[in-house]
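# Let me see the structure of the following:
(3 chains)
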Amino acid sequence: MTVAEAPVPETLPGLAPEPEPRAQQGIAIICYSGDLEKTWAAMILASTAGAMGMPARVFVTFWGLQTFVREGRRVTGTNWMQKMLSVMSRPGIRHRTMSKMNFLGMGPWMMFRLAKQYGVSTPAELLEAAEMMGVEFVPCQMTMDMFGLTRDDLLPGMGEPVGAATYLSYVAEGAAPLFI
Amino acid sequence: MTVAEAPVPETLPGLAPEPEPRAQQGIAIICYSGDLEKTWAAMILASTAGAMGMPARVFVTFWGLQTFVREGRRVTGTNWMQKMLSVMSRPGIRHRTMSKMNFLGMGPWMMFRLAKQYGVSTPAELLEAAEMMGVEFVPCQMTMDMFGLTRDDLLPGMGEPVGAATYLSYVAEGAAPLFI
Amino acid sequence: MTVAEAPVPETLPGLAPEPEPRAQQGIAIICYSGDLEKTWAAMILASTAGAMGMPARVFVTFWGLQTFVREGRRVTGTNWMQKMLSVMSRPGIRHRTMSKMNFLGMGPWMMFRLAKQYGVSTPAELLEAAEMMGVEFVPCQMTMDMFGLTRDDLLPGMGEPVGAATYLSYVAEGAAPLFI
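From the prediction side, this is the model:
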C-alpha cells in the first residue's frame, strides 16, 4: 500500500501526499441587505462557518449596517437626511422587516414563531454565536459617513471601519465572496 | 533552464509539472430568491455550467425552495402559518412572479413571450436540462422545516436535504459561491 | 537574513520563494440589479479593484443592462413589449431608482446629496474611473436580445456581448464571483 492509494483529489500521485490546496478557503460575506430574511441567511452562514473553524469575515455595508446598530438607538445621524433615513427604517437586528409579505409586521412575527417552533436560532442569537466563534464583523467606513453613524452607534463587537479595498484584499488572498 | 522557472502558482518547484490550480473550480449556487428573474439567472448559470462540464451544485433555500415545489401542490405545510405562506406566494417554477413590474402577471407574460421570440429557454426547461447534465439540486433542511415542506412536496430530482455546513464544505473545497 | 523570512502566507519555508497562491485572484461581478444602491455597490467594487490592479470583469445582465444604456436613449427596443419595459424603467446610470425608500425620487436625491457632502463619487463617476483603470464591462447577449438593445444603445466603452458560458469561464479560471 502506497501513499498514492489515498483517495485525495487534485493530487500528483506519489509526489504530493498532503495537498488540499483550497481546503482552507474561507468566506468573505458582504452583508449588504437589511431585510430580515437575508440578514438571517448571512448570520446562518457566518455562524456555521465559525462553528466549522472556517475563516469568516463579514463586511457590513449599505442597508446591512442598519442591522448592526445597538439596540435602543432610535434616531441616528447628524443632519436631517440621515435622521430621516434612520426613522424610515428602524435600526437594530431585532427590527428587520421582510422584503415581501411583511404585512405590517405579521410576516416577521410568523417567521419568528415558526423559527422557535422548529428550533431555529434568531439572527440576534446567530450573530452572538458567530462573534463568539471568531467571525469578524467589520463596518464599511463610507456607509458610516453617509448615514452619519459613529462607532458608538454600532454593536460593541465590531472591528475597525474599513473600505472596499480592504474587503477586496480578503478576496485577493483567497476568501470566497458572498454578496448577500 | 530548469523546471522551477515555469511561472506556475501553488506548486513545489521541480515536483509538480501539471498544476492548473483552479481550472477545475466549480460553482456552488445558493438559490435564495423566488423571483422569476433571479430564478431565471440561477437556472441559466446552472444549466450552462452543466453543459460546460463544470461541477455545479445548487443549494435551494428560503424563498427559492418554493420554486422547487412540484407542479400541482397548491397549499403546503401543516400549520396555518405555513399554509398561509404557501397561499400568498404560489409555489412551483411555473408560477414565479417578478420582483418589479409584475403588473398582476403581465410582466412575466411579456418576459415569457420575449423569451420564446428570441429562443431563450424557460426556467423550467433550464432546470430539466441542468438536472440531465448532472447539476445537483439540494434542498435546505431548515427551510423545509420552517415552511413545513416534505420531500414529497419537492421535485423528484432533488438530493437529500442538507444544512449550511454542507453548503460551506463545498466552498471550503474550492467551489465558487454565488448567492442569487 | 534569508528569503524564508519574508512574511508570506501559506508558503513552505525554503522551498517556494514566490508563492502568492491566490494573490492574483481577480473578481468577476455579475451586475444583475438595476437599483441605485446595488449599482453603487458594484461600481465601488469594480473601480476599487481597478485601482488595486486586481483583475476585474463586470458581466452586465438583466436589469443591470438598463444601467449601461447611453444617456439620452429614452425608449429602446423594436417591439411594443421591449419599448414598454424601457419606458417603465428609465435607462441610464443617472436614472437609477432605489429598491426601497425611493419616495418618487426623493430617496436618490438625498443619497446623492449625502454622497457629495461626504466626498463619495457617484456611480457614473465610478464607472468612468473603473473603465480607465482597465475594468472590463461585457454585456449579456441574451439580455440584449430580449430587451431589444443594440450595441449602439449601450455605453461606448463596453466589450463584445457574451453569454453565461463566457462568464463561467472567468470563474473556472479562478476569478471570484459576485452576484450583485
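# What's the separation between the spatially closest residue to A:G105 that is not a sequence neighbour and A:V58?
The shortest distance from A:G105 to any non-neighbouring residue, by C-beta to C-beta, 6 or more residues apart in numbering or on different chains, is to A:T97 (7.4 Å). From N, CA and C alone the C-beta is placed, and that goes for glycine too. From A:T97 over to A:V58 the distance is 20 Å, taken as C-beta to C-beta, to the nearest Å.
# Between these two, point out the one with more neighbours.
Shown here are A:T97 and A:V58; by other C-beta atoms under 10 Å in any protein chain shown, A:V58 has more neighbours (29 against 17).
# how close does the more buried one get to A:P139?
From A:V58 to A:P139 the distance is 10 Å (C-beta to C-beta).
# go on, A:F59?
Relative to A:P139, and taking C-beta to C-beta, A:F59 is found at 8 Å.
# and what of A:F147?
Counting by C-beta to C-beta, the gap from A:F147 to A:P139 is 10 Å.
# Check the contact lists of those two and give me the overlap.
A:L65 (C-beta atoms under 8 Å, 6 or more residues apart in numbering or on different chains).
# picking that back up, mutual contacts of A:F59 and A:P139, please.
A:V162.
# mind listing the strands for chain A?
A:27-31, A:56-60, A:136-139, A:176-179 (DSSP state E).
# Does the third one pack against any helices or strands, and if so which?
What it means is strand A:136-139. In terms of contacts (3 or more C-beta pairs under 8 Å, 6 or more residues apart in numbering or on different chains; DSSP states H and E), strand A:136-139 is packed against strand A:56-60, helix A:123-132.
# can you redo the ones you listed as JSON lines with distance to B:M133 and mean pLDDT?
Shown next, in JSON lines, are the helices and strands packed on strand A:136-139 (distance: least, C-beta to C-beta, whole Å; pLDDT from 0 to 100):
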{"stretch": "strand A:56-60", "distance to B:M133": "32", "mean pLDDT": "98"}
{"stretch": "helix A:123-132", "distance to B:M133": "35", "mean pLDDT": "96"}
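# possible to save those as TSV with distance to A:S47?
Listed next are the helices and strands packed on strand A:136-139 as TSV, based on distance: least, C-beta to C-beta, whole Å:
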stretch	distance to A:S47
strand A:56-60	9
helix A:123-132	4
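# among those, which is the most enclosed?
strand A:56-60 (a mean of 26; mean count of other C-beta atoms under 10 Å in any protein chain shown).
# List the contacts of the closest residue to A:M144 other than its chain neighbours.
Excluding its sequence neighbours, the residue lying closest to A:M144 (C-beta to C-beta, 6+ apart) is A:P161, at 5.7 Å. Going by C-beta under 8 Å, 6+ apart, A:P161 touches A:V138, A:P139, A:C140, A:Q141, A:M144, A:R151.
# Most neighbours among these, which one is it?
Of those, with other C-beta under 10 Å as the count, A:C140 tops at 27 neighbours.
# Double-check it against A:F59; I have them as touching.
Yes. Between A:C140 and A:F59 a contact is recorded at 6.4 Å, counting by C-beta atoms under 8 Å.
# shared neighbours, these two?
Joint contacts of A:C140 and A:F59 (C-beta under 8 Å, 6+ apart) are A:V162.
# State the pLDDT value of the closest residue to A:G163 other than its chain neighbours.
Leaving aside its sequence neighbours, A:G163 sits nearest to A:Q141 (C-beta to C-beta, 6+ apart; 5.3 Å). On pLDDT, A:Q141 comes in at 97.
# And A:E18, by the same measure?
43.
# likewise A:H95?
Reported pLDDT for A:H95: 92.
# tell me the pLDDT at A:S89?
Among the per-residue scores, A:S89 holds a pLDDT of 84.
# what about A:L65, distance to chain B?
18 Å (C-beta to the nearest C-beta, to the nearest Å).
# can you check A:V60 too?
In terms of C-beta to the nearest C-beta, A:V60 sits 15 Å off from chain B.
# show me what contacts that residue?
Counting by C-beta under 8 Å, 6+ apart, A:V60 touches A:C31, A:T67, A:F68, A:F137, A:V138, A:P139, A:C140, A:T143, A:M158.
# Between the residues you listed, which sits nearest chain B?
A:C31 (11.1 Å; C-beta to the nearest C-beta).
# how close does that closest one get to A:Q117?
In this view, A:C31 and A:Q117 are 26 Å apart by C-beta to C-beta.
# Also A:Q82?
On the measure of C-beta to C-beta, A:Q82 and A:Q117 end up 39 Å apart.
# While we're on the residue of chain A found nearest chain C, how confident is the model there?
Here the residue of chain A nearest chain C is A:G174; by C-beta to the nearest C-beta that distance is 3.6 Å. We have a pLDDT of 93 for A:G174.
# pretty sure it contacts A:Q25?
Yes. Counting by C-beta under 8 Å, A:G174 sits close enough to A:Q25 to count as a contact (5.7 Å).
# show me the contacts for A:A124.
A:I93, A:R94.
# How about the contacts made by A:L45?
A:I27, A:I29, A:A56, A:L178, A:I180, B:A164, B:Y167, B:L168.
# Who wins on neighbours among these?
Neighbour max across those (other C-beta under 10 Å) = A:I29, 29 neighbours.
# Flag every residue of chain A that's near chain C.
Applying C-beta under 8 Å from any C-beta of the partner chain, we find that chain A lies next to chain C at A:21, A:24, A:30, A:32, A:61-63, A:79, A:81-82, A:84-85, A:88-89, A:142, A:145-147, A:163-165, A:167-169, A:171-174, A:176-177, A:179.
# so where's the longest helix in chain A?
For chain A, the longest helix by residue count, based on DSSP state H, is helix A:36-52.
# Just give me how far that helix sits from the chain centre.
Distance of helix A:36-52 from its chain centroid, counting by C-alpha atoms, centre = their mean, to the nearest Å, is 7 Å.
# Strand A:27-31 and that helix, what's the angle between them?
Angle, helix A:36-52 to strand A:27-31, by axes from the mean of the first three to the mean of the last three C-alpha atoms, to 10 degrees: 160 degrees.
# follow-up on the earlier one: so for B:A49, which of the helices and strands packed on strand A:136-139 sits nearest?
With C-beta to C-beta as the criterion, B:A49 lies closest to strand A:56-60 of these, at 25.1 Å.
# So, low pLDDT: which residues of chain A?
Where chain A drops to pLDDT under 70, the residues are A:1-24.
# Quick one: the helices in it, in order.
A:36-52, A:63-67, A:80-88, A:106-117, A:123-132, A:141-147, A:164-172.
# For A:M142, see how far away the residue nearest to A:M144 is.
To A:M142, A:P161 is 9 Å away according to C-beta to C-beta.
# swap in A:R73?
In this view, A:R73 and A:M142 are 20 Å apart by C-beta to C-beta.
# Since that was my last question, I'll sign off now.
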